[in-house]
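Chemist: following is a predicted model, sequence given first.
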There are 2 protein chains.
Amino acid sequence: MASAPAAGEFELIARYLSHLGAEREDVLLGVGDDAAVVRAPPGHDLALAHDTLVDGVHFPRGMPADQVGYRCLAVNLSDLAAMGARPAWALLSLTLPSGDAEWVRCFASGLDRLAREAGLAVVGGDTTSGPLTVGLSVVGWLPAGLALTRSGARVGDELWVSGWPGEAAAGLAFIQSGEGAQSAPVAGLVERFRWPQPRLGLGAALLGRASACIDLSDGLAADVGKLCHASGVAADLDSRSLPVSAALRAGAADERTLRGWLLAGGDDYELAFTLPTGTDPTPLRAAAGCDVHRIGRIVEGAGVRLDGEPLDPASLRGYDHFSTDPGRGT
Amino acid sequence: MASAPAAGEFELIARYLSHLGAEREDVLLGVGDDAAVVRAPPGHDLALAHDTLVDGVHFPRGMPADQVGYRCLAVNLSDLAAMGARPAWALLSLTLPSGDAEWVRCFASGLDRLAREAGLAVVGGDTTSGPLTVGLSVVGWLPAGLALTRSGARVGDELWVSGWPGEAAAGLAFIQSGEGAQSAPVAGLVERFRWPQPRLGLGAALLGRASACIDLSDGLAADVGKLCHASGVAADLDSRSLPVSAALRAGAADERTLRGWLLAGGDDYELAFTLPTGTDPTPLRAAAGCDVHRIGRIVEGAGVRLDGEPLDPASLRGYDHFSTDPGRGT
């Protein structure tokens, strides 16, 4: 059609996208045939996830291409981490309004960096002409029967979270305000939004230990709420145990903003998980490569409470502009 | 964001999309967690493919929703057929400009019908807000080491094709001209465009028999050309052997149009494949559920010839409006 990029431009783009990520011996046939062919290890189950990021909906318009490429993989790897799965292969769907080869080169470099770190190979996909949209399907594997789910939390379990929830939302707020990285704590928050760290090591360490797990994309309260709903329980957060980083405190103009970021800020891609009481967190801390904090407990009922009182969703609105995605499936 | 559909509408949509396709015992965890969990059979390899369809690029604007749903699965299943793989699981990415629940209900019904026929379960995915785009990642499996590829054709092999290439392009031409289904042959052509039949039975029957295989999405000459390029050979088509259906002949105003549809018309989703000389096609015909035709042979050199003369791509242009997708990966 008339608006389609020139074929030569698309060939250049295809070249940037044809060898992304780690080289894996279990990839028998990669990009370039009708389908990729891979070989899964025996005795394992496969975890399959897909997330699509739309320009201006799931990331701010004008976000640098390497950050978009990194991000589309990070959010998908975070889903695998929440299942305890080890990343293996991915299919990339890139829809582009024009054949901007330089944009694609930067996009590919951001995605490639994280894919290599995670040991994942991009084995195929599709490049099409249309409004900027990035979709990624990822496949990982884990020992048969051990997948972490959202539905296993039991009354009496402890509720834990990795890292410092709210920092990414604070970073996004500073990007949107145009203040950028003026000061050291703010710069750290902005980096947390730009380069989310999927908690793959922690997810793997939770296998056989955690009773339930979910990754935080839509905010701590909302995502813990989903875990509770799936498990048929309630969660009671202990306000004194919620981890507030020095950077988050320094960045917040007031207590209400701080609480909004902490409880409702999206894009953290940390893991929230439940452990039977008395589980030793030491091996988890070692595997996570980040702090893990006990933030509450699982109780009877439904929904999420703070110090025994139901959380008011209305009081938490407005801290998550780009990840709100009520239709999200897996 | 302001333009996003209401959450209630998206919940309705999520309901339509949460149980698509066949029920499979190897799906341990379907839609609703961070990822789906499935169990592949031992001794098999996995085939992974992804195709994205953009409104107005890969299908005509205003195409009925059930046809869009059917189509996005059909084109992906065709990729699995071309590898000889048996469909198992899929992840659906649906980007919607508005929360039009009725559109999604129809879309889901078209996709569901084909998924059940093919024994495939949609185990997860993502629904997002944005310009209408449908992406599907499919996973199938096949006996270890037996995948059909594009690269195995050898000089002396026979070139075969399933079905009646060109009929889908002719059908699209009648849809675009507004003539619709005025006469019986034209109605048949239009149906061939609307409801492509992925040749899964044929693909499976080709395992261990065919030396190479590709599915026809961009036109017979272009796709046979890709097979030749991957195999390092040329193909010589025999014009008297090319299958021309009575409907195609009746629909074509002149010989040039007929040849354009036949050699360059897209969207057929038939299989082109190579067989060592003397292979008995009887079991293939039985498995295919359609005709298979020997249309030429593999010779030394590069590119595609017709009766020994190089095909002129320029003479074939203009018969494939909606599938031209030079960046297509797997």
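Modeler: On my side now, so go ahead.

Chemist: okay, how far is it across stretch A:50-67, tip to tip?
Modeler: 18 Å (C-alpha to C-alpha, to the nearest Å).

Chemist: in it, what's buried?
Modeler: For stretch A:50-67, the neighbour count (16 or more other C-beta atoms under 10 Å in any protein chain shown) marks A:50-60, A:63, A:65-67 as buried. (Each C-beta comes from the backbone N, C-alpha and C, glycine too.)

Chemist: tell me what the helix or strand containing residue A:113 is packed against?
Modeler: Here residue A:113 is covered by helix A:101-118, with elements defined by DSSP states H and E. Packing partners of helix A:101-118 (3 or more C-beta pairs under 8 Å, 6 or more residues apart in numbering or on different chains; DSSP states H and E): helix A:7-17, helix A:65-83, strand A:86-96, strand A:121-129.

Chemist: go again using 6 Å as the cut-off
Modeler: Using 3 or more C-beta pairs under 6 Å, 6 or more residues apart in numbering or on different chains; DSSP states H and E, the elements in contact with helix A:101-118 are helix A:7-17, helix A:65-83.

Chemist: what about the shortest one, average pLDDT?
Modeler: Averaging pLDDT along helix A:7-17 yields 75.

Chemist: distance between the next helix or strand along the chain from that helix and the chain's centre?
Modeler: Following helix A:7-17 in sequence order, the next helix or strand is strand A:27-29 (DSSP H and E). The chain centroid and the centroid of strand A:27-29 are separated by 27 Å under C-alpha atoms, centre = their mean, to the nearest Å.

Chemist: any stretches of the stretch 201-330 of chain A with poor pLDDT?
Modeler: A:313-314, A:317-330 (pLDDT under 70).

Chemist: domains for chain A, by residue range?
Modeler: A:9-143, A:158-316 (automatic domain parsing).

Chemist: okay, how far is it across the last one, tip to tip?
Modeler: One end of domain A:158-316 sits 24 Å from the other (C-alpha to C-alpha).

Chemist: repeat for stretch A:196-210
Modeler: So stretch A:196-210: terminal residues 22 Å apart, C-alpha to C-alpha.

Chemist: what are the buried residues along it?
Modeler: Buried residues in stretch A:196-210 (16+ other C-beta under 10 Å): A:196-207, A:209-210.

Chemist: ok, back up a step: just the buried residues of stretch A:50-67 that are near chain B?
Modeler: A:50, A:51, A:52, A:54, A:57 (C-beta under 6 Å from any C-beta of the partner chain).

Chemist: figure out which of the helices and strands packed on helix A:101-118 is closest to residue A:219.
Modeler: For these, the distance to residue A:219 is smallest for helix A:65-83, at 14.0 Å, taking C-beta to C-beta.

Chemist: now for the closest one, which elements pack on it?
Modeler: strand A:44-54, helix A:101-118, strand A:133-143, strand A:212-215.

Chemist: output the ones you listed as a markdown table; include the columns distance to residue A:273.
Modeler: What follows is the helices and strands packed on helix A:65-83, written out as a markdown table (distance: least, C-beta to C-beta, whole Å):
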| stretch | distance to residue A:273 |
| --- | --- |
| strand A:44-54 | 16 |
| helix A:101-118 | 20 |
| strand A:133-143 | 15 |
| strand A:212-215 | 4 |
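
Chemist: for the stretch 151-300 of chain A, list the residues in contact with chain B, please.
Modeler: residue A:215.

Chemist: at 7 Å instead, please
Modeler: Neighbours of chain B within the stretch 151-300 of chain A, by C-beta under 7 Å from any C-beta of the partner chain: A:214, A:215.

Chemist: all helices of the stretch 151-300 of chain A, in order?
Modeler: Using DSSP state H, counting those that start in this stretch, the helices of the stretch 151-300 of chain A run over A:167-177, A:184-194, A:200-206, A:220-231, A:246-251, A:255-264, A:282-288.

Chemist: can you redo those as CSV with distance to residue B:278?
Modeler: What follows is the helices of the stretch 151-300 of chain A, written out as CSV (distance: least, C-beta to C-beta, whole Å):
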stretch, distance to residue B:278
helix A:167-177, 64
helix A:184-194, 61
helix A:200-206, 52
helix A:220-231, 59
helix A:246-251, 73
helix A:255-264, 70
helix A:282-288, 59
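
Chemist: low-confidence ranges, the stretch 51-200 of chain A, go.
Modeler: A:179-182.

Chemist: surely residue A:301 touches residue A:232?
Modeler: No - between residue A:301 and residue A:232 there is no contact under C-beta atoms under 7 Å: 9.6 Å.

Chemist: nearest to residue B:223, of the domains of chain A?
Modeler: From the domains of chain A, taking C-beta to C-beta, the stretch that ends up closest is domain A:9-143, at 9.7 Å.

Chemist: my read is that residue A:266 contacts residue A:220, right?
Modeler: No - proximity of residue A:266 to residue A:220 does not meet the contact threshold set by C-beta under 7 Å, at 9.5 Å.

Chemist: quick check, central residue of chain A?
Modeler: For chain A, the residue nearest the mean C-alpha position is residue A:75 (3.2 Å; C-alpha atoms, centre = their mean).

Chemist: what residues are up against that residue?
Modeler: Residue A:75 makes contacts with A:51, A:217, A:269, as judged by C-beta atoms under 7 Å, 6 or more residues apart in numbering or on different chains.

Chemist: recalculate using a threshold of 6 Å.
Modeler: residue A:51 (C-beta atoms under 6 Å, 6 or more residues apart in numbering or on different chains).

Chemist: so is residue A:41 in a helix, a strand, or just coil?
Modeler: With DSSP: H, G, I helix; E, B strand; the rest coil as the basis, residue A:41 sits in coil.

Chemist: and stretch A:216-236, what's buried?
Modeler: By 16+ other C-beta under 10 Å, the buried positions in stretch A:216-236 come out as A:216-231, A:233-236.

Chemist: could I get it in CSV with only the CA atoms?
Modeler: C-alpha atoms of stretch A:216-236 as CSV (Å, rounded to 0.1, in the frame of the first residue of the first chain):
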residue,chain,number,x,y,z
LEU,A,216,3.8,-5.8,40.0
SER,A,217,2.8,-3.9,36.9
ASP,A,218,-0.3,-2.0,37.9
GLY,A,219,0.6,-1.1,41.5
LEU,A,220,1.2,-2.9,44.8
ALA,A,221,-2.4,-2.7,46.0
ALA,A,222,-4.0,-3.6,42.7
ASP,A,223,-1.7,-6.6,42.0
VAL,A,224,-1.8,-7.9,45.6
GLY,A,225,-5.6,-7.6,45.2
LYS,A,226,-5.4,-9.9,42.1
LEU,A,227,-3.4,-12.4,44.0
CYS,A,228,-5.9,-12.4,46.9
HIS,A,229,-8.9,-12.7,44.5
ALA,A,230,-7.3,-15.7,42.8
SER,A,231,-6.5,-17.3,46.1
GLY,A,232,-9.8,-16.5,47.8
VAL,A,233,-8.2,-14.6,50.6
ALA,A,234,-7.5,-11.1,51.8
ALA,A,235,-4.2,-9.4,52.5
ASP,A,236,-3.5,-7.1,55.4
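
Chemist: pull the residues that contact it.
Modeler: Residues outside stretch A:216-236 that contact it (C-beta under 6 Å, 6+ apart): A:150-151, A:153, A:155, A:159, A:165, A:212, A:214, A:263-266, A:268, A:270, A:272, A:296-299, A:301-305, A:311, A:320, A:323.

Chemist: swap the cut-off to 7 Å and go again
Modeler: Contacts of stretch A:216-236 (C-beta under 7 Å, 6+ apart): A:75, A:150-153, A:155, A:159, A:161, A:165, A:212, A:214, A:262-270, A:272, A:296-305, A:308, A:311, A:316, A:320, A:323-324.

Chemist: what subset of these is buried?
Modeler: Buried among these by 16+ other C-beta under 10 Å: A:75, A:150-153, A:159, A:161, A:165, A:212, A:214, A:262-270, A:272, A:296-299, A:303-305, A:311, A:316, A:320, A:323-324.
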